[in-house]
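Student: Need the 3D shape of this:
(chains A, B, C and D)
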Protein chains: 2
Amino acid sequence: MSHTLGPRQSQKQQTRQSLLDAGLRLLEHQGLSSLGLREVTREAGLTPSGFYRHFPDLPAFGMALVEESFGSLRTMVRAIRSEQADADEVIDRSIDVVARYVHEHRARLRFLIRERHGGVRPVRDAIAARIRQFADDLADDLAAQPQSAGWDQADLRMLADLYADHTVTTVAALLEADGDRDTEQRIVATARRQLRLISIGRRHWLDT
Amino acid sequence: MSHTLGPRQSQKQQTRQSLLDAGLRLLEHQGLSSLGLREVTREAGLTPSGFYRHFPDLPAFGMALVEESFGSLRTMVRAIRSEQADADEVIDRSIDVVARYVHEHRARLRFLIRERHGGVRPVRDAIAARIRQFADDLADDLAAQPQSAGWDQADLRMLADLYADHTVTTVAALLEADGDRDTEQRIVATARRQLRLISIGRRHWLDT
DNA sequence: TCATTCAGTGAACGACTGTGCTCTGAATTC
DNA sequence: GAATTCAGAGCACAGTCGTTCACTGAATGA
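Tutor: Okay, here's the model as predicted:
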């Protein structure tokens, strides 16, 4: 399996990537359903017909963008999952991870947040499936924690959904801040306190 | 002010409304930025050029859709605001209001949820402003409740944001259920318990 | 070395778009 | 009742779109 791609294959992959990058660049300011094939190839600097060497049509291109976008986010998801305990310090670090990724992967996150409820059904479904997977994993992580003793499975899932949705909402809010540091700081501070309140609710959930 | 519109004015308003309705109908399955002028007039059953008698261009039409959509939602917002205490029964009734509105105003809510992070900046801003207003009002309501004694203003605002975001997330999830009663019931049940957990967190917020 | 593969080009097509213009006929105004 | 207004129809325009197809020339494999 140590096959180094020849110049032809590697050039092809590079062009494919430049199409995806061009797409994400354009999608920062518009919806996927209004993205044109010619528009993408123009931005990527190749001929309209060249597009078909890489994707059968635009819907397939959209799905490829979902793959591409989630691909480079895997490390963020892992970082967040590994830190879901309820100590305040852990909350702070989780939010920091999110805030950092919003800066480093702005275009990808904007695309996912936008198309999560966007006009293209298969894309919506693919994004929903990934987020559900994230919440599933989170539920497992929570179940393994000592403070979850006595919790039934449905309630753990409920809590995992709350965490997952809160993360998504925070990402969306940070994107809407559009780089304004003050606004971002306000959002981060609010998100921290919200997570803290949720932690308190969690701690007293079984009190009756 | 008891002026009954003449047949001409009332006919005009009726046509305008049929344009808005046609737009919302089309937008259940696509994004605003891909909506065409001819497409709307075709759906509404009038000539493309007739469009200009009612709106200067498509962006203005989009903004009018935001107004239209929020207009008929005012009663929902009021119903939710008036019920934000933390008794379980009140939580149940709030969620019921939301679930009912998702059925009664599906097209309008879908439009708002979709375009909240959609590709048209002015529309996004207008929707954000309305939701912010909702959270502002909610913060005032919360401040007036006895259980908010000792809370500082920023934390009340934080809690109001959490409630508001949770409502939006729940609406979005219900829309994605696409009318499937079982899925809807699962979402409603989860949302209820999440609100309950938040209420518990609220009750113990000042414990230290 | 020579035949084959294939990523990318460039021209052409039919369909569709937003917008401007003139026209019509019913509601309005005097 | 005559003059005016104006919502909507109908047509024309220039431009863009997605897709097709024959092509070129460099990488590939025998």
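Student: Show me which helix or strand of chain A is least confident by mean pLDDT.
Tutor: Least confident helix or strand, chain A: helix A:74-81 with a mean of 88, by mean pLDDT, DSSP states H and E.
Student: Just the buried residues of it, please?
Tutor: Residues of helix A:74-81 classed as buried under the neighbour-count rule (16 or more other Cβ atoms under 10 Å in any protein chain shown) are A:76, A:77, A:79, A:80, A:81. Placement of C-beta: from N, CA and C, glycine included.
Student: so what's the most centrally placed residue in chain A up against?
Tutor: With distances taken as Cα atoms, centre = their mean, residue A:109 lies nearest the centre of chain A, 5.3 Å away. Each residue near residue A:109 by Cβ atoms under 8 Å, 6 or more residues apart in numbering or on different chains is listed here: A:69, A:73, A:101, A:102, A:171, A:175.
Student: buried sites along the helix or strand it falls within?
Tutor: Using DSSP states H and E, the secondary-structure element containing residue A:109 is helix A:106-116. Using 16+ other Cβ under 10 Å as the burial criterion, the residues of helix A:106-116 that qualify are A:106, A:108, A:109, A:110, A:111, A:112, A:113, A:114, A:115, A:116.
Student: Could you do stretch A:118-131 as well?
Tutor: Judged by neighbour count using 16+ other Cβ under 10 Å, the buried positions of stretch A:118-131 are A:118, A:119, A:120, A:123, A:124, A:126, A:127, A:130, A:131.
Student: same check, this time on stretch A:192-207
Tutor: Using 16+ other Cβ under 10 Å, the residues of stretch A:192-207 that count as buried are A:192, A:193, A:194, A:195, A:196, A:197, A:198, A:199, A:200, A:201, A:202, A:205.
Student: Of the residues you listed, which pair is most distant in space?
Tutor: Farthest apart among the buried residues of stretch A:192-207 by Cβ to Cβ are A:192 and A:205. That separation is 20.5 Å.
Student: Show me which pair in the buried residues of helix A:74-81 is furthest apart.
Tutor: Largest pairwise distance in the buried residues of helix A:74-81, by Cβ to Cβ, is 9.6 Å, between A:76 and A:81.
Student: thinking again about what came up before, in helices, which of the contacts of residue A:109 appear?
Tutor: When these are checked against helices using DSSP state H, the ones located there are A:69, A:101, A:102, A:171, A:175.
Student: Not counting its neighbours along the chain, what's nearest the second one?
Tutor: The shortest distance from residue A:101 to any non-neighbouring residue, by Cβ to Cβ, 6 or more residues apart in numbering or on different chains, is to residue A:76 (4.5 Å).
Student: With the last one instead?
Tutor: Taking Cβ to Cβ, 6+ apart as the measure, residue A:175 lies nearest to residue A:110, with 5.4 Å between them; neighbours along the chain are not counted.
Student: so how far is residue A:169 from the one you found?
Tutor: Separation of residue A:110 from residue A:169 (Cβ to Cβ, to the nearest Å) stands at 15 Å.
Student: try residue A:177
Tutor: Using Cβ to Cβ, we find residue A:177 at a distance of 13 Å from residue A:169.
Student: who's more crowded, these two?
Tutor: The residue with more neighbours, out of residue A:177 and residue A:169 and counting by other Cβ atoms under 10 Å in any protein chain shown, is residue A:169; that gives 21 against 17.
Student: What are the boundaries of the helices in chain A?
Tutor: With DSSP H applied, chain A shows helices at A:7-26, A:37-44, A:58-71, A:74-81, A:88-104, A:106-116, A:121-143, A:153-177, A:181-203, listed in chain order.
Student: looking at these, which has the lowest confidence?
Tutor: Across the helices of chain A, helix A:74-81 has the smallest mean pLDDT, namely a mean of 88.
Student: which of the residues in stretch A:21-32 are buried?
Tutor: Counting neighbours by 16+ other Cβ under 10 Å, one finds that the buried residues in stretch A:21-32 are A:22, A:23, A:24, A:26, A:27, A:30, A:31, A:32.
Student: Near chain B, list only the ones from the residues you listed.
Tutor: Checked against chain B using Cβ under 8 Å from any Cβ of the partner chain, the buried residues of stretch A:21-32 yield the following neighbours: A:27, A:30, A:31, A:32.
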